[in-house]
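*Asks:* 3D, please:
(2 chains)
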2 protein chains.
Amino acid sequence: MNEEGSGTTPAETARAEAKAFFRDGEPLLEVCEDWGDSYRILEEDGKVLIQGGKTGILYGVWQRILDCLCKRRSSAERRSPRCALRMLQCWDNMDGTIERGYSGPSLWFEKGTVSFDPARLRMLGRLLSSVGINVLCVNNVNVREPAQGLIEEKLPELRSLADLFRPYGIRLMVSVDFSQPIRAGLADADPLNEETARWWQRTTDRVYEAIPDLAGYLVKADSEHRPGPFTYGRSHAEGANMLARALRPHGGQLVWRAFVYNCMQDWRDDQTDRPAAAYQTYAPLDGQFDDNVVLQVKHGPFDFQVREPVSPLLFGMPQTRLGMEVQLAQEYTGQQIDLYYMAPMWEEVCRDLGEKRPTILAAVSNLGRDACLTGDPLAMANLFAFGRFAWYNEARPKESAEEWARLTYGFTPAEEEKLVSALLGSRRVYEKYTSPLGLCWMVNPGVHYGPSPDGYEYQSWGTYHRADRNAVGIDRTKTGTGYLLQYPPALQERYGTLERCPEEYLLFFHRVAYDKVLRDGRTLIQRIYDDHFEGCAEAEKMAAELETLPFPGEEKPLILDRLSRQISNAREWRDVINTFFHRLSGADDGMGRTIYP
Amino acid sequence: MNEEGSGTTPAETARAEAKAFFRDGEPLLEVCEDWGDSYRILEEDGKVLIQGGKTGILYGVWQRILDCLCKRRSSAERRSPRCALRMLQCWDNMDGTIERGYSGPSLWFEKGTVSFDPARLRMLGRLLSSVGINVLCVNNVNVREPAQGLIEEKLPELRSLADLFRPYGIRLMVSVDFSQPIRAGLADADPLNEETARWWQRTTDRVYEAIPDLAGYLVKADSEHRPGPFTYGRSHAEGANMLARALRPHGGQLVWRAFVYNCMQDWRDDQTDRPAAAYQTYAPLDGQFDDNVVLQVKHGPFDFQVREPVSPLLFGMPQTRLGMEVQLAQEYTGQQIDLYYMAPMWEEVCRDLGEKRPTILAAVSNLGRDACLTGDPLAMANLFAFGRFAWYNEARPKESAEEWARLTYGFTPAEEEKLVSALLGSRRVYEKYTSPLGLCWMVNPGVHYGPSPDGYEYQSWGTYHRADRNAVGIDRTKTGTGYLLQYPPALQERYGTLERCPEEYLLFFHRVAYDKVLRDGRTLIQRIYDDHFEGCAEAEKMAAELETLPFPGEEKPLILDRLSRQISNAREWRDVINTFFHRLSGADDGMGRTIYP
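*Replies:* Numbering: from 1, shown residues only, chains lettered A, B, ... in the order given. Sure thing, here's the model as predicted:
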């Protein structure tokens, strides 16, 4: 046991945490060998008994601490997580940079080696375990040298990380390069080449000797110039299964990202429709993946835009273990400058998925070496909420916002209400001042912050809005690209016509004339203007509210700085988007507000 | 004297070059002490006498060699260069990169030090001197560490370069950082602070001890975030004169770039007009600069766009020594991928300047460590033509293209005619498939290659076209921003009305409706479409012609590769620009050619 209160097993950690928190009133802990992640909290005559599995006991202690801090009774129900794999995936490169990281450099990589502050990582282990995360993938899915070494010559370094997180019930995962056998001297990485398979088996055996509880491998293949099975004319099932078989003897999972599309599309090609790509690639493979393969699907069909409908692939593979990927790193959603609390988005995704919600969840991390870990201190709410989401398999936006606020700040009820209300509204505010009505991609290319209405319009990424002087959006129904047909009938019905389609998805599914009168009597163009004026005003109002809160001294300047940058960003979006559509449509604002020429 | 045939003085170099070239039939050389750069070639009874100044004798030998290679008699006239300063300015950084360089790394900087192949630089010295260049500024005007050291701790390294180029009649120039005294420990860099002036004097004295013939300093101040006199509330005359006075005792020139504008403009601001900035800043200072100051003005008011009118500042400072800057590096003009021979543009600039042509000329270099020195072997034509331009102070597009082609390839007359004709037409071809009619800036931001019609439209660089569904362009006449009023009356007349303005400048000076009928009966929008279809077709035709030429083996693949990339680029420009304007205007092509929706 060390100074931070951890032990060498989760149960020992649980005891140490309980002792440190409850001091005299320490609850009795009882490990039930076969309970796994589940636990029960029993209160009788002022005594508290926490029963739980080898890891569940730790979750029980965290829950009891949370209940005490929230000043409420613990439920006596036995609780188990709804998702067995609750993964945080870090896009950390070994040079210390983080792809799409907005919180400083990597917490564990620096200059090509594993390098960390043990006390800080133990603190991180406590944090992640306290919200229920149990798998941590430590390196970027874009595996660049020397990260390939993590499963070869740098394996001892990877092991040092695994050893550090193990006491918190957190198992490591590692992103691997599909072409890695070639690096090791093999002629190819063809998954049907037996030599390739043998190389992976030998390598994986060695990896598990060092880290017997490794959660598995994560792979991005044939995506955005990454190598993959397509090089050898093999399917992704053949590629994934080959790796899965190397992991099987050790109980490891093979997590395969379903993020394949043509990133060299010709913008002139209006038949190819990028959102349709994942379904086209993977749905035909349903039933072909081994049972220790997880096909990890982004929640929307594009790439973590501010507003996307749910990915149709999540409905399309009933014979496949599907995982759903969300992104805490605010790549397209404000980069930890603008406030954007994600749980309301996840709730909508879950609502549209209904019964088809995957029970494996992964989040791209928003962590870095910044003092507050998340760039913007308020962005930590997303990590908290994701942990609870993955535990309950319910997004719980309000509960998580409240719990996080209470645990973090201990504000008065009125103050807490202000913060929670800002968090809950933040996604809609951001959405209103950026791309209108599900249009996506009007962002500065590359950096992905700030408006650039035509920025992706003539590029190769398959991300077009095709706005002209009369109309905007892509018809993705059967009269257009046909993408809509990938959905189950109920959603086809919901999204399929201008009359029924929720307006926030309108321009995702339909091409609409500016003068089309929407259901509330406004024209499309007026709705675009209104949203942008309102979104910016709401951002200003939200900032003014948050500025009054008594955030701790070290956080306050960070938060104020970000709020003021958010307001600048919102004004820029408002004016650029309004001007862009005004130049195209020629329509003036019905309320006479300023639109620059 | 060394193996490349150079001596230690230009006269010795002249003798060595004559001996190496003419072997037995060596001409008699006679140095006339006070002739400077001028020379005379006398032929009598088969004997040749070349008379010339200490440097002129070398130019005489080069001219004689050129005449022999071109198989023509030498003129007996005494010839002097029309421009005393014929400068090549290199944007080489000490890390070895070149800002806007398209020909590989720096020829003399690497990893923070001066590092070169002496034989290669002697070859370069011969090359530059043979076309008449006599000043070489070796480092980027954006002076970044450790380049400041070139006039301090790295002075011996700078001297090694000066020593190397001296035998070719080429004097070094160095770009300095206006805030350099602060680096040296002074409190400020205020030009009116006597301590600052003393520091520059002492430093300059030391520099001239090492390099007694240094041509002087080049300065970019208060421009695109560079430090300058404005920091201290001083004028650019005060800033420049302070430095000029440090150079004066040594006969050095202070070259001050007149490239000041607000690069943080709000795109909503339609009163500020970037092309007007240089005149507004400098014209009021006319007469205030010391006589060893050269105010170096870019030929156009923007920044080396494909088509700009001449800078009005070149007319506006009769009491100031003005230099004119052109850019051989094809930053906005094809990046040494697309063929773009510049002399026709210079000819137009000279035509519009009339009597006001400056007699000091500077070119931003297009050289790098590539085997052929210029990325595209054909881009060397621009360096050759610039050297001749600076000598004659006449652009001479046809003569220079012919001489360069003859000296370089020795083709048959028919082949030479094909090459010369491609060179002469290349600028117009490039212009036709890129931004229409003087509009400028429809290029990918940052990289400056390839189309992005709105790429700069909402940015802070002051570079807007404000295209909407009805019209495009900025009214820069007195009814608009008033920029036109900076010109002398004749040019105001020429550019000022839709009726008289040359169409290639139309959208630079005027805002024009798409359906406006131009002088030849076509509408503006039809003219835009026509130019783009024609420009692309002409690029394809030009490439097909050039592909038939017997370029040397090592050059041919480079040239073919670039021609094929130019065709792709031209097609992309054609389609993107046509689509952009079609989406805005709704006008179909009158000839029914394909415009993508």
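*Asks:* Could you use CA atoms for every contact and neighbour count after this?
*Replies:* OK.
*Asks:* The longest helix seen in chain A to helix B:556-585, inter-axis angle?
*Replies:* Assignment by DSSP state H gives helix A:556-585 as the longest helix of chain A. Per axes from the mean of the first three to the mean of the last three C-alpha atoms, to 10 degrees, the angle that helix A:556-585 makes with helix B:556-585 is 80 degrees.
*Asks:* right, is helix A:556-585 up against chain B?
*Replies:* Yes - applying C-alpha under 8 Å from any C-alpha of the partner chain, one finds helix A:556-585 touching chain B at A:576, A:583, A:584, A:585.
*Asks:* quick one: which of those residues is nearest residue A:309?
*Replies:* Comparing the residues of helix A:556-585 next to chain B against residue A:309 with C-alpha to C-alpha places residue A:576 closest, at 24.9 Å.
*Asks:* So which residues of the stretch 351-500 of chain A form strands?
*Replies:* Ranges of strands within the stretch 351-500 of chain A are A:360-364, A:471-472, based on DSSP state E, counting those that start in this stretch.
*Asks:* Between its first and last residues, what's the separation in stretch A:251-270?
*Replies:* From its first residue to its last, stretch A:251-270 covers 45 Å (C-alpha to C-alpha, to the nearest Å).
*Asks:* chain center to the longest helix of chain A: distance?
*Replies:* Distance, stretch centre to chain centre, for helix A:556-585: 24 Å (C-alpha atoms, centre = their mean, to the nearest Å).
*Asks:* again with stretch A:537-552
*Replies:* With C-alpha atoms, centre = their mean, you get 26 Å for stretch A:537-552.
*Asks:* distance of residue A:106 from residue B:226?
*Replies:* Distance from residue A:106 to residue B:226, by C-alpha to C-alpha: 33 Å.
*Asks:* what about those two, which has more around it?
*Replies:* residue A:106 (27 against 16; other C-alpha atoms under 10 Å in any protein chain shown).
*Asks:* SS state for the more buried one?
*Replies:* coil (DSSP: H, G, I helix; E, B strand; the rest coil).
*Asks:* Residue A:11: neighbour count?
*Replies:* 26.
*Asks:* near chain B, which residues of chain A?
*Replies:* Within chain A, the residues that sit near chain B (C-alpha under 8 Å from any C-alpha) are A:268, A:452, A:454-455, A:458, A:466-469, A:576, A:583-586, A:596-597.
*Asks:* Show me which pair in those is furthest apart.
*Replies:* It's A:268 and A:596 that sit farthest apart of these, by C-alpha to C-alpha, at 30.2 Å.
*Asks:* quick one on the thing from earlier: could I get the residues of helix A:556-585 next to chain B in TSV, plus columns for pLDDT?
*Replies:* TSV is the format used below for these (pLDDT from 0 to 100):
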residue	pLDDT
A:576	98
A:583	98
A:584	98
A:585	98
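*Asks:* I'd like these as TSV, with neighbour count and distance to residue A:371 appended.
*Replies:* Shown next, in TSV, are the residues of helix A:556-585 next to chain B (neighbours: other C-alpha atoms under 10 Å in any protein chain shown; distance: C-alpha to C-alpha, whole Å):
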residue	neighbour count	distance to residue A:371
A:576	24	34
A:583	23	45
A:584	23	45
A:585	22	47
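*Asks:* right, and out of those, which lies closest to residue A:490?
*Replies:* Distances from residue A:490 to these, taken by C-alpha to C-alpha, are shortest for residue A:585, at 34.0 Å.
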